[in-house]
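**Q** Take this sequence and fold it.
(4 chains)
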Number of protein chains: 4
Amino acid sequence: MLLRDSRLGEISKDVLDYISSRKADHRIFSADLLVDRAHLIMLRKQNLISPEVFRSIMDALDRIQESELGEGEDVHEAIEARILSLVGSEGGRMHTGRSRNDEVATCIRIALRDEMLDLMEELVSLAETCTALAERHTETLIPGYTHTQHAQPTTLAHHLLAHADAFLRDLSRLEDAYARVNLSPLGAAAFASTGFAINREMTCNLLGFDGLVENSMDAVSSRDFVLEVMSDLSILMVNLSRMSEELILWSTQEFGYIELDSLYASTSSIMPQKKNPDTAELARAKAGSVMGALVSALAICKALPMSYNRDLQEVTPHLWRGVDWTRSTVRILDGCLSTAKFNVDALGTSAGAGFSTATELADSLVRITGMPFRTAHRIVGRIATVGSHPTLQELDFVSWEIAQIRPSENGFSAQDLETALDPRSNVNRRAAVGGPAEAETKRMLAARKDKLAEGDKRLSERRSRIEKAWDELLNYHKN
Amino acid sequence: MLLRDSRLGEISKDVLDYISSRKADHRIFSADLLVDRAHLIMLRKQNLISPEVFRSIMDALDRIQESELGEGEDVHEAIEARILSLVGSEGGRMHTGRSRNDEVATCIRIALRDEMLDLMEELVSLAETCTALAERHTETLIPGYTHTQHAQPTTLAHHLLAHADAFLRDLSRLEDAYARVNLSPLGAAAFASTGFAINREMTCNLLGFDGLVENSMDAVSSRDFVLEVMSDLSILMVNLSRMSEELILWSTQEFGYIELDSLYASTSSIMPQKKNPDTAELARAKAGSVMGALVSALAICKALPMSYNRDLQEVTPHLWRGVDWTRSTVRILDGCLSTAKFNVDALGTSAGAGFSTATELADSLVRITGMPFRTAHRIVGRIATVGSHPTLQELDFVSWEIAQIRPSENGFSAQDLETALDPRSNVNRRAAVGGPAEAETKRMLAARKDKLAEGDKRLSERRSRIEKAWDELLNYHKN
Amino acid sequence: MLLRDSRLGEISKDVLDYISSRKADHRIFSADLLVDRAHLIMLRKQNLISPEVFRSIMDALDRIQESELGEGEDVHEAIEARILSLVGSEGGRMHTGRSRNDEVATCIRIALRDEMLDLMEELVSLAETCTALAERHTETLIPGYTHTQHAQPTTLAHHLLAHADAFLRDLSRLEDAYARVNLSPLGAAAFASTGFAINREMTCNLLGFDGLVENSMDAVSSRDFVLEVMSDLSILMVNLSRMSEELILWSTQEFGYIELDSLYASTSSIMPQKKNPDTAELARAKAGSVMGALVSALAICKALPMSYNRDLQEVTPHLWRGVDWTRSTVRILDGCLSTAKFNVDALGTSAGAGFSTATELADSLVRITGMPFRTAHRIVGRIATVGSHPTLQELDFVSWEIAQIRPSENGFSAQDLETALDPRSNVNRRAAVGGPAEAETKRMLAARKDKLAEGDKRLSERRSRIEKAWDELLNYHKN
Amino acid sequence: MLLRDSRLGEISKDVLDYISSRKADHRIFSADLLVDRAHLIMLRKQNLISPEVFRSIMDALDRIQESELGEGEDVHEAIEARILSLVGSEGGRMHTGRSRNDEVATCIRIALRDEMLDLMEELVSLAETCTALAERHTETLIPGYTHTQHAQPTTLAHHLLAHADAFLRDLSRLEDAYARVNLSPLGAAAFASTGFAINREMTCNLLGFDGLVENSMDAVSSRDFVLEVMSDLSILMVNLSRMSEELILWSTQEFGYIELDSLYASTSSIMPQKKNPDTAELARAKAGSVMGALVSALAICKALPMSYNRDLQEVTPHLWRGVDWTRSTVRILDGCLSTAKFNVDALGTSAGAGFSTATELADSLVRITGMPFRTAHRIVGRIATVGSHPTLQELDFVSWEIAQIRPSENGFSAQDLETALDPRSNVNRRAAVGGPAEAETKRMLAARKDKLAEGDKRLSERRSRIEKAWDELLNYHKN
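**A** Residues are numbered from 1 along each chain as shown, chains lettered A, B, ... in the order given. This next block holds a predicted model:
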């Protein structure tokens, strides 16, 4: 090992495996080379290295980018070792005014913001799938549930837009986190800054960051940006697991409301008739995986004194696992949902079953006869013990028994009764903001589409800012 | 039970205890009465109830506010039962166009935003304690640590400002979450909106919300706002636990850098000489408690299908526990830190011990002799195996051995050596952005104070908006 | 505060609330008095206190048992303060050779073993409910599921016994843990034992413990017994949540296999027709609560150096919460399950639906025609794309297409086909150990009943050993 | 894909990656081949396959064992595909009376028991390192801590034996779990057993299991054995993290009680003087990783209905990660501890510092003068505010002030005072069971060595039972 040469002697394979971060470091290899370039340019501009050394290290970095790395405790050390072998001892100047502590924090932030941009794009796509489906189903009646029991009829569009709104909040959380992620810790050195006349704003700009993590001790020792992103991933996964659960439930023989595309289902090694919703089950499970990764990260960071501690190395693989699990789940559910076939007839039939119109019947009694809601609730509750489609006579009978009132004598007609018991009338009545009535659904749909388009635009702007930075950085020494 | 009368028969004490939310509901009792008022006013304005019924229910609410509640499965039911007993069956009109599902979500958001405002205020105070202490210690040398090992000298101000910056990020996270918390779900009814001509914007304004959770299904079934706040609390607690760990460590006999005020320490039942940092230990522990509460909430919400499920009731007590543990810990650490005595002499002595100036010596060799950093690192590493205060001759000897160069022959004087080995010179050299040099520290201090003042101002504005809403709401029917 | 008098000065209400364990200490109040008695008797027998002091402190303990305690940082201090006020300064001898550190560990273990015995009894009762129900349903056909899809027919007894076996493992885990819980740390003092000639075996026996936690440092600082019990509770809760999920699922309108008793269901504030499985939903949720409590405890204990740290105080309330949540869930589910009505007809109809007999058809093809299993699997898989009740001709057609074989020409008769497609024949064929065939189910039933009876007996023996100890302890000074 | 051919059509790379368990399946590849062999032998003995088919599949298994596998959704499918390609369609008979569901559960248990045996051996080794070190340090005085504050003197042996006892409990927990792990689910088929006349006891014995998981539904759907082992790993890791924390703390410059071997330390990329306890820091961190893995597994298993669900596939990688992290940590800490150098002089000096003998002084006052303990505690507490080595006159003065008693007039000599204040006398007095006095320490040491030897013996017996099974299994068809 490069650094061990100096004082600490040999190291065994077992111990090296234990302390090495190399397995996770492939995630930051590209970022690391970019950080090296930005740091070098700054050293050159600040006149901290000569034009010759600058040029030869830059050349070495070009070559490293195209090849495999050798061994090393971590990727930073491996790159440095390779530079030394290509450039000679002058290559050692690359580490001027810098430490692995600020370097690794910078690399993680660069790699993470890329993952976040990809994730946000995938999330926008999933929300768009929801809105596109919703657009086709503004009139598709479905049973709405509370407690997994039929509650009141609603529409498939209303249901899908509820998921879309949750995903939009996930998006806004990720955007808020992005602002705290895309900051540069570079130049903090080991934690106490450096005596070299470095220029942190310059490397910040070269690397496409939006600002600095100023305090140098804070810059190397804080990982709350990781904890925040992992929290956001966990919450997103909870939202995804809720949709997964519904995909599983709705594709049971008993519900029979949905048929998953074969691509997202699988059969059994022993039961040839089976079509199992495996992707949705795994998506549900991965919510557990991501929340465990968050717990690991939180527990590792707990009670660490300032500043950098090696424990922090153990945090990063949990981040990448969390990111991978979440991103693949978003993509898979997007595909699973967009290819699923909804059994519109079965949904429509169920929408009116189970006396799901009872609430509207009670509400109609209140509106038309003027009785208090709680009284109407008791009347309809009594009816529910017997059946789900009372005649006007039965309604009168029960109402008299409970409240000494006969609806039919108070303006409540047989037509009113039928309307109250019709699922579609139920839905169309619910025209308040956020309700399932068709017009309101269409208003919401249009608004969500606008929101998604705006989100898309913000993502593009972030990406182009970074691309511009990369473009300048990679071509700097060629000018 | 009020609602059970109608159909489901009697309930046993055991089962009632199990399903009741009453123990946690005291947290939302006041909020619930405010929601009742706002809903009533809206019903009146929309002409959904008569002026007489409106007035009598309002009077009942005034009386309930001043008294104790009876039994009930939850606070909403208990209030409604009380209204029915005061007003008669006309009291049942209060529930027109509303459900416990939207009601409870509204109450939790109201109670939570209050807790968040208090917490943010307490957090600002803690950050102010850090900056105030930092202001007095811009020149106090301390040993800076990595891996809990002496690394390089820095200042107490630099160290405290690192904590302050973490707390400022916690604040910004909470403010971002606040924007997603302070939204009104009221009017979503059970989940499918309602056929009554309610006005959701009106209740939204009356209750001091900043907007709606529009989709009615989303409004009653989503608790990601709870998960987000609990994540923020967990991250904040991790930051607090890091400070606690330092308070414990620094007050050991071995470190001896700090003495806690007796108020925040305790003695032993058996060892009369002890002064134990109990408050800091409990603060450290409570980080574990809060992250466990987050796990409970995440695991409960996982895989719940739409819309409302009773599982959600089990989430809320974890939220309140998390809030209480976090708020008290912020307050306690604020007091503990602000009353602690720093042993400035011991810190200063340690600042230079353990060859913590080795990095600066290597850097000086680079700057003055022009040798590559990695070569200087190896030279100083070799010296470190022998001692921590080499003579110029020793430096020459080792440098020759390693790199066939003698610093003294390349412009490196005995004075340069002494300067490199002096902790204070070390610190003063680190004048880059975020470093511990005095001027830079003072710049950071001023900037943090501005940030805190702005945060304070935003908090006041939020509070006054709410207070104005309460004022109007409570006096509405008196006009 | 008693102990603060001596050196550390006054304490504020805020801080006292923060550091006090009094809210949780009511759980160990009785245990604490018993520990005081045992310690006193030992001090007397070892001649470390005089008969007079012994008698007067014992009298004081009798009086304290019947009264309310005053304030105090914890219950131990409060009891000691009360003794001092009753006995005078001689009361201070009770603390001879003892510390709060060993005292509290002893009290927790005493209170916990009682909770464990109660829980184990409740768990046995739940498993008995499963077996009793199973006994009535050895012939009740149900659809068996994998991936929540109909897979193969089985019986309700087979299904219920799967739950019973899981509960029996939970029981055996708790019994294993009990052996590590019921050990005495008393006499470890603060952590370093004591110079007084105490007798640890004596207090161990007086308190009904089965042995010592020998090493005094280990005795006060280890809480792995708490972590183990909380792990066992979490695993048990996962098992309970699985049954809860089924109760919820099976009582949906779509499944319609079960009707919960009204006692364990509730209705809606707005939807009068609803009958919601609230208790099962809360049971499912509480699994999340308990696993969060475990996380809190694990995270708190992580990285604590020897020996006692105040952090440990924060562990205990999580234990009690975990115990309470688990015990009430076991009881509630026991009631919920034992009162539920199974819709045997609907289950039977579903048992044969969805081509759940496909596996048996493939197996029959293998057994009778001798074709390889994987070939039969492919044939039946092809049939499943068309329907679920093929004719012999159709079977021949598909078999020929896939494997150039006609079952009817290889001994497979129309009768064989019917038998293979009959759910009851399916079940009765599965007579291997652990299968649903009636005889095997009855064998398993008998064996489970024996196991439960043995478990019950072990519980009784544990209880009577403790009761005997209490009897001796409480009557010691009256002889 | 083998199984998809039949009905479900093509699969995309993205989806295959998502649902595939291949990455984790290398952990069960060997086990899977053994399970195949055992199942085949049983099929042959039960006359369910012909001698020819038996022989040709066995030969295929021999060849597969020595080669690489192709693609496949999981390892079982890949092996089966390979057999079909080697044997032809008759190879499909291997799956007779079996499913992937029982197969995978069997493989996990086989692989896990091996890992557990290795872990237990490593754990025994670590505990032996503790006892071996303790044996050399029965007279090495150290400061004993509570609240990380000097409390009372003890010995290094006493301290190390506390850790050893915790590890012994970890061992006993793992042994208890092993009894629930080493059971055979094979023969449960998909979950409903099979109509083929299989013999489960035979495969159970062939595979070295100690018994059956009887109920076939339970056998494929329960993973509480995984949750239990992961709980045990989490608790063990908490114990290991406590030792890690001490290694870190004791090797700080401030404590200076220990020097880690260079193999277990590392230096800095920028600070050449550093010797960082990286292995101990990573060990501390990995406790967080393992508890997160447990959380993932618990959250995934929560609320899964019977029987097998694809979610279970997501549990297993968490298990293997938990196992790997724990095993490597045990090994690393074993090496780290056994090579560390204890600074016996510094420990001895500290042992008496900080008035750590105050408790013994108070105890001596009680023993010799007969004053109550609480009075003595107050006297010594007052002395502690001034210094840590009072004269007899000072003691008299303070005692008179507080309790109107002069120790010197009540038999307390200057010699008594010196003895009380001497750390070694302190330790030697603590001769009660579990205390640090030399004789008692030696008794404990001998007892621990016996326990470890017995544990070792049990491990060997378990291993040889399995090896015997493998021997028979692998040579069965060669006879």
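
**Q** What parts of the stretch 301-450 of chain A come near chain B?
**A** Taking CB under 8 Å from any CB of the partner chain as the criterion, the stretch 301-450 of chain A approaches chain B at residues A:301-310, A:359-360, A:363-364, A:366-367, A:372-375, A:377-378, A:381-382, A:384-385, A:403, A:426-427, A:429-437, A:444. Every residue, glycine included, has its C-beta placed from N, CA and C.

**Q** Give me the buried subset of those.
**A** Buried positions within those, assessed by neighbour count (16 or more other CB atoms under 10 Å in any protein chain shown), are A:301-310, A:359-360, A:363-364, A:366-367, A:372-375, A:377-378, A:381-382, A:384, A:403, A:426-427, A:429-437, A:444.

**Q** Look at the residue nearest to A:Ser241 when sequence neighbours are not counted and give its secondary structure.
**A** Once flanking residues are discounted, A:Ser241 sits nearest to A:Ala287: 3.7 Å by CB to CB, 6 or more residues apart in numbering or on different chains. A:Ala287 falls in the helix class when you classify it by DSSP: H, G, I helix; E, B strand; the rest coil.

**Q** hang on, isn't A:Ala287 packed against A:Leu240?
**A** Yes: with contact defined as CB atoms under 8 Å, A:Ala287 reaches A:Leu240; the gap is 6.6 Å.

**Q** on that earlier part again, so which of the buried ones among the residues of the stretch 301-450 of chain A next to chain B are in helices?
**A** Judged by DSSP state H, helices contain the following of those: A:301, A:359-360, A:363-364, A:366-367, A:373-375, A:377-378, A:381-382, A:384, A:403, A:426-427, A:429, A:444.

**Q** how about the strands in the stretch 101-250 of chain A?
**A** Ranges of strands in the stretch 101-250 of chain A, per DSSP state E, counting those that start in this stretch, are A:141-146, A:149-155.

**Q** which one of those has the most crowded surroundings?
**A** Most buried of these by mean neighbour count (mean count of other CB atoms under 10 Å in any protein chain shown) is strand A:149-155; its value is a mean of 28.

**Q** wait, does that one make contact with chain C?
**A** Yes: using CB under 8 Å from any CB, strand A:149-155 reaches chain C at A:149-152.

**Q** A:Leu61: what's it in contact with?
**A** A:Leu61 is in contact with A:33, A:36-37, A:40, A:83, counting by CB atoms under 8 Å, 6 or more residues apart in numbering or on different chains.

**Q** Mind doing that once more with 7 Å?
**A** The contact partners of A:Leu61, taken as CB atoms under 7 Å, 6 or more residues apart in numbering or on different chains, are A:33, A:36-37.

**Q** likewise A:Ala446?
**A** By CB under 7 Å, 6+ apart, no residues touch A:Ala446.

**Q** For whichever strand or helix holds it, which residues meet the burial criterion?
**A** Taking DSSP states H and E as the criterion, A:Ala446 maps to helix A:438-475. Of all the residues in helix A:438-475, those buried under the rule 16+ other CB under 10 Å are A:438, A:440-441, A:444-445, A:448-449, A:451-452, A:455, A:459, A:462-463, A:466, A:469, A:473.

**Q** quick one on the thing from earlier: comparing A:Ala287 and A:Leu240, which residue is more hemmed in?
**A** Between A:Ala287 and A:Leu240, A:Ala287 has the larger neighbour count (other CB atoms under 10 Å in any protein chain shown), namely 34 against 29.

**Q** Wait, that one touches A:Met237, no?
**A** Yes: with contact defined as CB atoms under 7 Å, A:Ala287 reaches A:Met237; the gap is 4.0 Å.

**Q** Looking at the buried residues of helix A:438-475, which is nearest chain C?
**A** Lowest distance from chain C to the buried residues of helix A:438-475 (CB to the nearest CB) belongs to A:Glu440, with 19.6 Å.

**Q** measure the residue nearest to the closest one when sequence neighbours are not counted to A:Leu421 for me?
**A** Nearest residue to A:Glu440, sequence neighbours excluded (CB to CB, 6+ apart): A:Ala431, at 5.4 Å. Distance, A:Ala431 to A:Leu421, by CB to CB, to the nearest Å: 19 Å.

**Q** For the residue lying closest to A:Leu160 once chain neighbours are set aside, give me its contacts.
**A** In space, and not counting its chain neighbours, A:Leu160 is closest to A:Ala134: 4.2 Å by CB to CB, 6+ apart. Each residue near A:Ala134 by CB under 7 Å, 6+ apart is listed here: A:157, A:160-161, A:445.

**Q** Of all pairs in these, which one spans the longest distance?
**A** The largest separation in the contacts of A:Ala134, counting by CB to CB, is between A:Leu160 and A:Leu445 at 9.8 Å.

**Q** about what we covered before: for my notes, please list the residues of strand A:149-155 next to chain C in TSV and give distance to chain D and pLDDT for each entry.
**A** Below are those laid out as TSV (distance: CB to the nearest CB, whole Å; pLDDT from 0 to 100):
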residue	distance to chain D	pLDDT
A:Gln149	17	94
A:His150	20	93
A:Ala151	21	92
A:Gln152	25	93
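
**Q** Near chain B, list only the ones from the residues you listed.
**A** A:151-152 (CB under 7 Å from any CB of the partner chain).

**Q** What residues does A:Leu161 make contact with?
**A** Shown in contact with A:Leu161 (CB under 7 Å, 6+ apart): A:130, A:134, A:444-445, A:448, B:215.

**Q** Can you tell me how far it is from A:Gly335?
**A** As defined by CB to CB, A:Leu161 lies at a distance of 20 Å from A:Gly335.

**Q** Let me see the ranges of the helices in the stretch 51-200 of chain A.
**A** A:51-65, A:75-87, A:100-136, A:156-181, A:200-206 (DSSP state H, counting those that start in this stretch).

**Q** Lowest mean pLDDT across those helices, which one is that?
**A** Comparing mean pLDDT across these, the weakest is helix A:75-87, with a mean of 88.

**Q** which other helices and strands contact that one?
**A** Counting contacts by 3 or more CB pairs under 7 Å, 6 or more residues apart in numbering or on different chains; DSSP states H and E, helix A:75-87 packs against helix A:29-45, helix A:51-65, helix A:100-136.

**Q** count of residues packed around the residue nearest to A:Ala469 when sequence neighbours are not counted?
**A** Spatial nearest neighbour of A:Ala469, excluding adjacent residues (CB to CB, 6+ apart): A:Gly208 at 3.2 Å. Residues lying near A:Gly208 (other CB under 10 Å) number 23.

**Q** Retrieve the pLDDT associated with A:Gly208.
**A** 98.

**Q** ok, now which ones touch it?
**A** Listed by CB under 7 Å, 6+ apart, the contact set of A:Gly208 reads A:465-466, A:469-470.

**Q** residues contacting the residue in the stretch 1-150 of chain A that chain C sits nearest to?
**A** Taking CB to the nearest CB as the measure, the stretch 1-150 of chain A has A:His147 as its residue closest to chain C, at 3.7 Å. For A:His147, the contacting residues are B:309-310, C:276-278, C:281, by CB under 7 Å, 6+ apart.
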